[in-house]
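Trainee: I'd like to go over a predicted model; first the sequence, then the structure.
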Amino acid sequence: MPQRELAGDASPPRPHLHALPGGEDGERDDRGHGSPEGHVLIDMPERSDAEDPLRAGLRAVAEAEDPAPAVAREPTAGDKPGRGRALWAAAWPKLAAVALALAVWELVVLSGWRPEYVLPGPGRVLARLWTDLLAGDIGVAAAITMKRALLGYAIAMVAGVSLGLVLARVKVLRTAAGSLLTGLQTMPSVAWFPLAILLFQLSEAAILAVVVLGAAPSIAIGLLTSTDQVPPLLVRAGKVMGARGFALYRHIIIPAALPGFVAGLKQGWAFAWRSLMAGELLVIIGHAPSIGVRLQFSRELSDAEGLLAWMLVVMVLGVLVDSLVFGALERKIREGRGLTAEHA
């Protein structure tokens, strides 16, 4: 290696030399570069590869949104909203909807469309609701109803998932039973009660049977629909990697179909909840004062305030289950897939 390079005085790199025809043997150009084969050597600057257009576009968008380099930014207190602000942002639309509903209710009462002993105002109903809550009646009734709902929904989920997986695996069986499953889903839950009472008498089993029959078809159809929407490329990739049979469903198909499956579970819960309310209205069990029993007694006693108060309890429990269970599960799935709230 030359001494000046060892000393750190390296000369700049020589430009690339390109030979062009037209020179004679031994001819040299004015810079002393010669070609023994009759070519003229010219100096051309080194060409750098162009940047990928996609990468350049992404970099331009990132620089437009955040001109400062990411490593140079310091986290500030304003980067993330406080917990109180986040809770308020999530709660105020629901509170506004409740306030609007109460205002419309009060306007209907003030219009005199029905007498107040038939349609009381929200103030009287909420006062009655608070009284029953302090007395413990709502807690006892809600515990009995939710126990039935959870037990029936658990049985329906096991039955619906098992049936959905079998129909997804066996195409002939799905062709034969697909229309029947849709018919079971569209059948009103009240229509099952005469048969359930005939088979199980006035008992808990009759209520649970109708809850299962109302929820299981929706869960099975939700699973079938979600598995049909799995991209075939994922299935082929899983088979190439050695996934077969149950392993293919466990590691490839079920995770890919999870959003649609959760939607089917949510719809199944809605059917189960409505079937349970209908069952508790029709099947009166004296030692179990559930929400349906309270509704029926309020109707028979012409207690409009109590009737509307228990209807509010049914609605509030449904909203709580949807928000705390299925809403949290959907948010978890979106976060696991890298989807933010803005894209949801």
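Mentor: Now that the structure is in, tell me what you want to look at.
Trainee: Report the mean per-residue pLDDT for the strand or helix carrying Leu224.
Mentor: Leu224 is located in helix 204-228, with elements delineated by DSSP states H and E. Per-residue confidence for helix 204-228 averages out to 88 on the pLDDT scale.
Trainee: swap in stretch 149-166?
Mentor: The predicted model assigns stretch 149-166 a mean pLDDT of 90.
Trainee: before we move on, back to that, list the buried residues of the helix holding Leu224.
Mentor: 204, 206-224, 226-227 (16 or more other CB atoms under 10 Å). Glycine gets a C-beta too; all of them are placed from N, C-alpha and C.
Trainee: pLDDT below threshold where in the chain?
Mentor: Scanning the chain with the threshold set as pLDDT under 70 gives 1-82, 339-344.
Trainee: Who are the packing partners of the longest helix that it contains?
Mentor: What stands out as the longest helix in the chain, according to DSSP state H, is helix 137-169. Secondary-structure packing of helix 137-169 (3 or more CB pairs under 8 Å, 6 or more residues apart in numbering; DSSP states H and E): helix 122-135, helix 171-186, helix 204-228, helix 258-282, helix 291-300, helix 304-321.
Trainee: closest to Pro194 out of those helices?
Mentor: Ranking those by distance to Pro194, with CB to CB as the measure, places helix 258-282 first at 9.3 Å.
Trainee: out of the helices and strands packed on helix 137-169, deepest packed?
Mentor: For the helices and strands packed on helix 137-169, average neighbour numbers computed from mean count of other CB atoms under 10 Å are highest in helix 204-228, which has a mean of 23.
Trainee: dump the residue contacts of Ile219.
Mentor: For Ile219, the contacting residues are 156-157, 159-161, 164, 264-265, 267-268, by CB atoms under 8 Å, 6 or more residues apart in numbering.
Trainee: Identify the farthest-apart pair in those residues.
Mentor: Using CB to CB, the contacts of Ile219 span at most 15.2 Å, a distance reached by Ala159 and Gln267.
Trainee: about what we covered before: now the helix holding Leu224 and helix 137-169, what's the angle there?
Mentor: Counting by axes from the mean of the first three to the mean of the last three CA atoms, to 10 degrees, helix 204-228 lies at 50 degrees to helix 137-169.
Trainee: Mind listing what's buried along the next helix or strand after helix 204-228?
Mentor: Scanning the chain past helix 204-228 towards its C-terminal end, the next helix or strand to appear is helix 232-240 (assignment: DSSP H and E). Under the neighbour-count criterion of 16+ other CB under 10 Å, helix 232-240 has 235, 238 buried.
Trainee: Can you tell me what sits against helix 232-240?
Mentor: With CB under 8 Å, 6+ apart as the criterion, helix 232-240 contacts 248, 251-253, 256.
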